[in-house]
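Chemist: I would like the atomic coordinates for the input below:
(one chain, ligands or ions: 1)
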Amino acid sequence: MSKNFQAPKGVSEYFPPISNEFERIIRKLENISLAANYHLIELPVFEDTELFTRGVGESTDVVTKEMYTFEDRGGRSLTLRPEGTAGVIRSIIEHGLDRGQLPVKLYYHGAFFRAERPQAGRYRQFYQFGIEAVGVDDPFLDAEVIGIAHSAFSALGLKNFELQITSLGDEPSRAAHRVELLKFLSAQSLDEETAARVAKNPLRIFDDKRESVRKMMESAPLLIDYLSNESKSKFADLQRALSSLGIPFVINPRMVRGLDYYTGTAFEFVHHGLGSQSGIGGGGRYDGLMRNLGGQDLSGIGFGLGIDRIILALQSENLIDVSNEMSGYLDLFIVPIGEAARLRAVALIDVVRRAGFVADMGYGDRSLKGAMKAADKLSARNVLVLGDSELNSGKAALKRMSDGNEVSVTLDSLVTALKSAL
Ligand code: HAM
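Modeler: Alright, predicted model coming up:
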């Protein structure tokens, strides 16, 4: 008995027609990023494990529970990338990209890996589109980054989402808050695991999903109330810049990002149609990351958007009609009848494709009826049947499938005919 293979548990896969939607989202994000002077960086899918333990942080679930770590044949510990920022910064340092004009503006997209418990919108292999702007600490740049995500969501037609922002402050703000937060937490009775998390990073407790802990944290001191004057003024500038861009936002002072490197501006886009996995994208500023990874002391800001969740969000707002996804895609389908017609058809579609049209033909030993059915299923916009009489006369009927209208066209000038038909 042969085995029936299945994809590994919890991975997302995209095939036609929905993969066209996937592609469309990436293209849109790419165009918006290119227009703001961000350029592609293509990164390795696996990196030195320590890049993530040091970069993403030892107190995070991502590092402690969710990494796909393995040893390669040379005994090196490697990890499938759980996120993109650490890799981007590693590459900037390694290749000296920060020696030129700052900020370094990069975008990336691809598969990321986290061994999470799979559920709707949460996968073990998922897709992100991200950007990073490194080397300039300016709230107007923060607004640009947030604005790019906002433009993309809007351009895709999404409406039912909300931008949440907060400031996680600079070092003095965090130090002041930490003292008060630790004072507050030491007065609570915490179980062993929670106490261990407090020791690593007390801010993580704001992210605890247990009802009892959430209740306890309602009266905990908030970082936003301990911002230094500098952090406060940057946060105010960010809000002014967002307003000037016409981007609505709410302040969520309880936001805790899942990765440890954030300082200052932090943000999340939350979609209301997605249930518990509602974050369609998030990001923020990271002051110490580059230094921490052995580079210059440069600040950066970026985001990661979840393509899988954007697709779910589009579906929840009825913005994807999968049944319609392929219609109009194929400009021409040629149905050849007989060997001579097949020979002419392959040459004809080649010419049509070179002229920039999308064209296909009936392959295999198909009846006329079968081939016409295929053309219909493919939602071809035009169909051309090629038999002996067409070959003899050099002319054929080009049939427009939307209304059945036929025009007689000369085979030698098929491209011209197609141009006027479309
Ligand atoms: P993140 O918030 O961990 O940030 O992930 C960004 C987005 O990726 C999330 O908002 C979500 O849409 C998507 N995502 C995360 N995990 C999963 C999953 N298991 N399944 C499906 N989608 C998921 C980062 O990764 C940071 N590197 C973003 C960033 C860039 N910050 C600064 N620069």
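Chemist: How many residues are close by residue 221?
Modeler: 17 (other Cβ atoms under 10 Å). In this view, the C-beta of every residue, glycine as well, is placed from N, C-alpha and C.
Chemist: Identify the spatial nearest neighbour of it, chain neighbours not counted.
Modeler: Of all residues not flanking residue 221 in the chain, residue 180 sits nearest, at 4.3 Å (Cβ to Cβ, 6 or more residues apart in numbering).
Chemist: Within the helices and strands, which one has that neighbour?
Modeler: helix 171-186 (DSSP states H and E).
Chemist: so after that helix, what's the next helix or strand?
Modeler: That would be, after helix 171-186 and using DSSP H and E, helix 192-200.
Chemist: Now do that next one against helix 171-186: the angle between them, please.
Modeler: 160 degrees (axes from the mean of the first three to the mean of the last three Cα atoms, to 10 degrees).
Chemist: Quick check, pLDDT for the residue in the chain that the ligand sits nearest to.
Modeler: Nearest to the ligand, among the residues of the chain, is residue 306, at 2.2 Å (Cβ to the nearest ligand atom). As predicted, residue 306 sits at a pLDDT of 98.
Chemist: Distance check, it against residue 153.
Modeler: 12 Å (Cβ to Cβ, to the nearest Å).
Chemist: Now do the shared contacts for the two.
Modeler: Residues touching both residue 306 and residue 153 (Cβ atoms under 8 Å, 6 or more residues apart in numbering): 280, 281.
Chemist: Count residues in the vicinity of residue 307, would you?
Modeler: 24.
Chemist: That one contacts residue 25, doesn't it?
Modeler: Yes. Counting by Cβ atoms under 8 Å, residue 25 is a contact partner of residue 307 at 5.9 Å.
Chemist: can you list residues touching both of these two?
Modeler: Common neighbours of residue 307 and residue 25 (Cβ under 8 Å, 6+ apart) are residue 129.
Chemist: and the stretch 51-200 of the chain, which of its residues are near the ligand?
Modeler: Within the stretch 51-200 of the chain, the positions near the ligand by Cβ under 6 Å from any ligand atom are 83, 84, 85, 114, 116, 122, 123, 126, 128, 130, 132.
Chemist: so of the residues you listed, which ones are in helices?
Modeler: residue 85 (DSSP state H).
Chemist: Same list, the residues of the stretch 51-200 of the chain next to the ligand, but as TSV with neighbour count please.
Modeler: Shown next, in TSV, are those (neighbours: other Cβ atoms under 10 Å):
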residue	neighbour count
83	21
84	24
85	26
114	21
116	17
122	17
123	23
126	20
128	20
130	27
132	26
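Chemist: before we move on, back to that, list the contacts of the helix holding residue 180.
Modeler: By Cβ under 8 Å, 6+ apart, helix 171-186 touches 167-169, 198, 202-203, 205, 219-223, 225-228, 231, 263, 287.
Chemist: Give the ChimeraX command for selecting the buried subset of these.
Modeler: Selecting only the buried entries of those in ChimeraX, with 16 or more other Cβ atoms under 10 Å as the criterion:
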select :167,168,169,198,202,203,205,220,221,223,226,227,228,231,263,287
